[in-house]
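[1] give me the fold of what follows.
(one chain, ligands or ions: 2)
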Amino acid sequence: MLSFPSCKINIGLQLTDRRADGFHNLLSAFYPVGWTDVLEIIPAPLTEQSADENVDSDLVTFTTSGLPIPGDPAPARNLCVRAYHRLKADFDLPPVQMHLHKVVPIGAGLGGGSADAAATINLLNVQFGLGMTVAQREDYARELGSDCAFFIQNKPQYCIEKGDIFEPIDLDLKGLYILLVYPNLAISTAEAYAGVTPRQPITPLRTLLEAPIEQWRGTVHNDFEDSLFPKYPLLAEIKAQLYDAGALYASLSGSGSTLYGIFSAPPNSPPPFSRYTVWESKL
Ligand SMILES: C[C@](O)(CO)[C@H](O)COP(=O)(O)OP(=O)(O)OC[C@H]1O[C@@H](n2ccc(N)nc2=O)[C@H](O)[C@@H]1O
Ligand SMILES: Nc1ncnc2c1ncn2[C@@H]1O[C@H](COP(=O)(O)OP(=O)(O)OP(=O)(O)O)[C@@H](O)[C@H]1O
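    Residues are numbered from 1 along each chain as shown. Ligands and ions are numbered 1, 2, ... in the order given. Have a look, this model is predicted:
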């Protein structure tokens, strides 16, 4: 079976306090965006060896194409394979072949890897009739990363605590246009968090988002900008260029380095961004 794991942007991101477990509580609206990887999972052909139930055959044959995945290249460390093995611990899953075609920039504030993990859980659930509810799939996803659970339902959510607990929000950007600009700058999530000082917001993000999008500039804020823009002035420059290009609202997404602009008409990838990785579509 095939799946197209999408990515997300963060609309506002308030880091409110540091938790006892070393993570941070946050308030953020997660919004899905249609830039996707491609994930295929098929049952592995039975070999004589694996047909013998006493042989712990290699359960996952994992291959990738497209963007190289940095960090630990061992397939066993890929979030898709880790998702399979987490479910294998609780369900009778057969050996599978997985292929991941990587398109979404990695470590870019877009949750691409997290989306792949969630897509694996959803695919295995359907393909092998595991019968898991949405809540059960979200719980498995939470074990794989703070961004993963969002991608199980993959719809706009108001995210609280680690970013993995959801409240409904009426946030509809349909008909507008989004331009994502990835400046090919790798910023680790841990590095981004290390540079921020959490604080309780004067006005909770949910209240700020009740205003029309034309009023979000200057109020709906991603707190990571405070720590990353001084270190990487290019990010502030791109955000300003998005406004110069006519964006209704522009911001850093997640822990970066992707910036995005939301427009009332197709932005048509204006010149300042031609040297970067860009993606645009109607929402
Ligand atoms: C920045 C965001 O992308 C916003 O959507 C997420 O908070 C990050 O989610 P993620 O990449 O899935 O992060 P994880 O893989 O769970 O954690 C990576 C590291 O980020 C930090 N981290 C992550 C989430 C969170 N709420 N507080 C944190 O302090 C921790 O140092 C953690 O060790
Ligand atoms: N399927 C995958 N896709 C991307 N990264 C993966 C994947 N599986 C494991 N990883 C590892 O996770 C790291 C990226 O995870 P990370 O969560 O930082 O990025 P992301 O989910 O793509 O975006 P974000 O910056 O929003 O978190 C990479 O350095 C890579 O080593």
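[2] report whether the one helix or strand Ile121 maps to contacts ligand 1.
    According to DSSP states H and E, Ile121 maps onto helix 112-127. Yes: under the criterion of Cβ under 6 Å from any ligand atom, ligand 1 is reached by helix 112-127 at Ser114. For glycine as for every other residue, the C-beta is placed from the backbone atoms N, C-alpha and C.
[3] can you pull the buried residues of that helix?
    112-125, 127 (16 or more other Cβ atoms under 10 Å).
[4] and the angle for the very next helix or strand once past that helix with helix 112-127?
    For helix 112-127, the following helix or strand on the C-terminal side (DSSP H and E) is helix 134-142. Interaxial angle, helix 134-142 versus helix 112-127 (axes from the mean of the first three to the mean of the last three Cα atoms, to 10 degrees): 140 degrees.
[5] and the helix or strand that helix 134-142 is followed by, what other elements does it pack with?
    Per DSSP H and E, the first helix or strand lying C-terminal to helix 134-142 is helix 150-153. Counting by 3 or more Cβ pairs under 8 Å, 6 or more residues apart in numbering; DSSP states H and E, the packing neighbours recorded for helix 150-153 are helix 112-127, helix 134-142.
[6] Leu173 and Tyr31 touch, don't they?
    Yes: counting by Cβ atoms under 8 Å, Tyr31 is a contact partner of Leu173 at 6.8 Å.
[7] comparing the two, which shows the higher neighbour count?
    Tyr31 (22 against 18; other Cβ atoms under 10 Å).
[8] return the residues of the stretch 101-250 of the chain in contact with ligand 2.
    Counting by Cβ under 6 Å from any ligand atom, the stretch 101-250 of the chain comes close to ligand 2 at 106-114, 116, 145, 147, 189.
[9] so which of these is the closest to Thr63?
    Taking Cβ to Cβ as the measure, Thr63 sits nearest to Asp116 out of those, at 13.6 Å.
[10] residue contacts, the closest one?
    Asp116 sits next to 5, 37, 39, 78-80, 100 when contact means Cβ atoms under 8 Å, 6 or more residues apart in numbering.
[11] swap in 10 Å and give it another go.
    The neighbourhood of Asp116, defined by Cβ atoms under 10 Å, 6 or more residues apart in numbering, consists of 3, 5, 36-39, 69, 78-80, 83, 98, 100, 102, 104, 144, 148, 151.
[12] can you flag which of these belong to strands?
    If you go by DSSP state E, those have 3, 38-39, 98, 100, 102 in strands.
[13] out of those residues, who's nearest Leu180?
    Using Cβ to Cβ, those come closest to Leu180 at Lys102, 15.9 Å.
[14] and the closest one, how far from Ile11?
    25 Å (Cβ to Cβ, to the nearest Å).
[15] with neighbour numbers in mind, choose between these two.
    For Lys102 versus Ile11, the count of surrounding residues by other Cβ under 10 Å is larger for Ile11: 26 against 19.
[16] now the one helix or strand Val278 maps to: how far from the chain's centre is it?
    Taking DSSP H and E as the criterion, Val278 maps to strand 277-282. The chain centroid and the centroid of strand 277-282 are separated by 16 Å, computed with Cα atoms, centre = their mean, to the nearest Å.
[17] repeat that for stretch 157-164.
    13 Å.
[18] likewise for stretch 241-258?
    Centroid displacement of stretch 241-258 relative to its chain, using Cα atoms, centre = their mean, is 17 Å.
[19] kindly report the same for stretch 19-36.
    Averaging C-alpha positions (Cα atoms, centre = their mean) puts stretch 19-36 8 Å from its chain's average.
[20] does it reach ligand 2?
    No: on the criterion Cβ under 6 Å from any ligand atom, stretch 19-36 is out of touch with ligand 2, staying 10.3 Å away.
[21] that's all I had, so thanks and see you.
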